[in-house]
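1. build me a model:
(chains A, B, C and D)
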Number of protein chains: 2
Amino acid sequence: MSSRSRSSLAARREAHAPVFAALGDETRLSLLAKLYGGHRFSISQLTEGSKLTRQAITKHLRVLESVGVVHGVRTGRESLFEFDPKPMREIKEYLDLVSEQWDQALSRLKLFVED
Amino acid sequence: MSSRSRSSLAARREAHAPVFAALGDETRLSLLAKLYGGHRFSISQLTEGSKLTRQAITKHLRVLESVGVVHGVRTGRESLFEFDPKPMREIKEYLDLVSEQWDQALSRLKLFVED
DNA sequence: CCAATATGCAACCTGGAGGTTGCTTAAGGT
DNA sequence: ACCTTAAGCAACCTCCAGGTTGCATATTGG
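-> This next block holds a predicted model:
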């Protein structure tokens, strides 16, 4: 399973990078923060309070949507956005595997030094 | 503690975004992959196998270093880079808090629907 | 001391991220 | 029907990330 973990880490690297990149922006993190509660919000609602334009917010939402962390559905005259936990669960899992890896490595190195 | 979690989430958002951004690049993720093992590598060693220039790799390393996920020390004529787990532990923690938040939200919503 | 190796520094190029403005189109409310 | 509100589309601007090339500097081995 250790080899499976390693290979899946490498295999998923390309899939993880875009998700990390999407989270690498304060505006987008704050948009997500509003959506973590599970409720849907329209673009106008998500724009409220921000100093940015509605179009700017729209672009950010498209970025988030492109990596699947958010899902928008046109409903009537407004399009409602909803949080989708899957992609972030995956990078959380990635970080879990990685941390497991470095913890083992560090304890090996420590043991080697103490020897 | 729930309120503390929320406020620290907001307070740390600005601190997390740059780390996520630094991880949002495949080249940098693969550099990190070589460093998870705990061993130090020189820039030349890290450049080996890559299709990129040494200078490109250097720039990526500086990005990683600027968010503290990697630490470089000049040793003799080469500068050795070493992985530092702290920043990634923090975003892992962030994702943990967030997932806790959305899980609670989803169960509340589910309960509401079932009611 | 000299040649090779490892890195640093700086200028430069290019594409795309992040933002704005202006106009169009679709839905709702009355 | 009409006015308002929500959103989409498209052109445009600016700036910086990511990469390259060329040259300068520091260490090391013999």
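2. pull the helix or strand with minimum mean pLDDT from chain A.
-> helix A:2-23 (a mean of 76; mean pLDDT, DSSP states H and E).
3. how about the residues of chain A near chain B?
-> Listed as neighbours of chain B in chain A under the rule CB under 8 Å from any CB of the partner chain: A:9-10, A:13-14, A:16-26, A:29-30, A:32-33, A:36-38, A:83, A:85, A:88-89, A:91-92, A:95-96, A:98-99, A:101-102, A:105-106, A:108-109. For every residue, glycine as well, the C-beta is placed using N, CA and C.
4. quickly note the distance from the spatially most central residue of chain A to DNA strand D.
-> A centroid search over chain A (CA atoms, centre = their mean) returns A:M88, at 4.2 Å, as the residue closest to the centre. A:M88 is 20 Å from DNA strand D, where distance means CB to the nearest atom of the strand, to the nearest Å.
5. what is the host helix or strand of that residue packed up against?
-> Using DSSP states H and E, A:M88 sits within helix A:86-114. Counting contacts by 3 or more CB pairs under 8 Å, 6 or more residues apart in numbering or on different chains; DSSP states H and E, helix A:86-114 packs against helix A:2-23, helix B:86-114.
6. save the ones you listed as a markdown table, and put in distance to A:G76 too.
-> Formatted as a markdown table, the helices and strands packed on helix A:86-114 follow (distance: least, CB to CB, whole Å):
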| stretch | distance to A:G76 |
| --- | --- |
| helix A:2-23 | 27 |
| helix B:86-114 | 21 |
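7. right, and those helices - which one's nearest DNA strand C?
-> DNA strand C lies closest, by CB to the nearest atom of the strand, to one member of the helices and strands packed on helix A:86-114: helix A:2-23, at 7.9 Å.
8. what's the next secondary structure element after the closest one?
-> For helix A:2-23, the following helix or strand on the C-terminal side (DSSP H and E) is helix A:26-35.
9. mean confidence for that next one?
-> When pLDDT is averaged over helix A:26-35, the result is 97.
10. buried set for it?
-> A:E26, A:T27, A:R28, A:L29, A:S30, A:L31, A:L32, A:A33, A:L35 (16 or more other CB atoms under 10 Å in any protein chain shown).
11. quick one: which two of the residues you listed are the most distant?
-> A:E26 and A:L35 (15.2 Å; CB to CB).
12. ok, which residues in chain A are in contact with DNA strand D?
-> Residues of chain A lying close to DNA strand D (CB under 7 Å from any atom of the strand) are A:42-45, A:54-55, A:58, A:72, A:74, A:77-80.
13. redo that, cut-off 10 Å
-> A:17, A:21, A:24, A:40-48, A:53-59, A:61-62, A:72-81 (CB under 10 Å from any atom of the strand).
14. just the buried ones from those residues, in ChimeraX syntax?
-> Buried residues among those (16+ other CB under 10 Å), as a ChimeraX selection:
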select /A:17,21,24,40,41,42,43,46,47,57,58,61,72,80,81
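15. what about the residues of chain A next to DNA strand D, which are in helices?
-> A:17, A:21, A:43-47, A:54-59, A:61-62 (DSSP state H).
16. rewinding a little: between the buried residues of helix A:26-35, which is nearest DNA strand C?
-> The closest of the buried residues of helix A:26-35 to DNA strand C turns out to be A:T27 (CB to the nearest atom of the strand; 5.1 Å).
17. pretty sure that closest one sits against A:T58.
-> No - using CB atoms under 8 Å, A:T27 makes no contact with A:T58, being 11.8 Å away.
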